[in-house]
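Chemist: quick one, fold the following:
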Amino acid sequence: MGFFESEIVQSEAKNLFDDYQSLTKLGGDYGKFDREGKVLFIEKMEAMMDRYRVFMKRFELSDDFMAKLTVEQMNTQMSQFGITSQQMFEQMTKTLERMKQEIDK
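Modeler: So this is what the prediction gives:
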């Protein structure tokens, strides 16, 4: 069975995509959230980023040609912005940490 034929992979990809879209849309109103809303939003973003890291690690560790090609394409796209996937994760982590520090401001 190919990597992308796995029901687990398909399900997690759909869930990640749906969660990302929902959080991105919700994030547009972040400035209007009360303290508890901001904390909850940050926690949801951190959880999604953790799931995304695991998901991408599955791609990287897979022997499947299409999984390897997907990683290669992602790396190529990221390099066009002058960053690596590791740098993207680090930047997201820094952004979320900064958001935590500014919750009470």
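Chemist: flag every buried residue along stretch 35-44.
Modeler: 38, 41, 42 (16 or more other CB atoms under 10 Å). Just so you know, the C-beta spots here come from the backbone N, C-alpha and C atoms, and that holds for glycine as well.
Chemist: scratch that, stretch 5-13
Modeler: Those would be 9, 12, for stretch 5-13 by 16+ other CB under 10 Å.
Chemist: what's residue 36 in contact with, if anything?
Modeler: Contacts for residue 36 (CB atoms under 8 Å, 6 or more residues apart in numbering) come out as none.
Chemist: which helix or strand lies directly C-terminal to the one helix or strand it maps to?
Modeler: Assigned by DSSP states H and E, residue 36 falls within helix 35-61. Using DSSP H and E, the helix or strand that follows helix 35-61 towards the C-terminus is helix 65-80.
Chemist: and that next one, what does it pack onto?
Modeler: Secondary-structure packing of helix 65-80 (3 or more CB pairs under 8 Å, 6 or more residues apart in numbering; DSSP states H and E): helix 35-61, helix 85-101.
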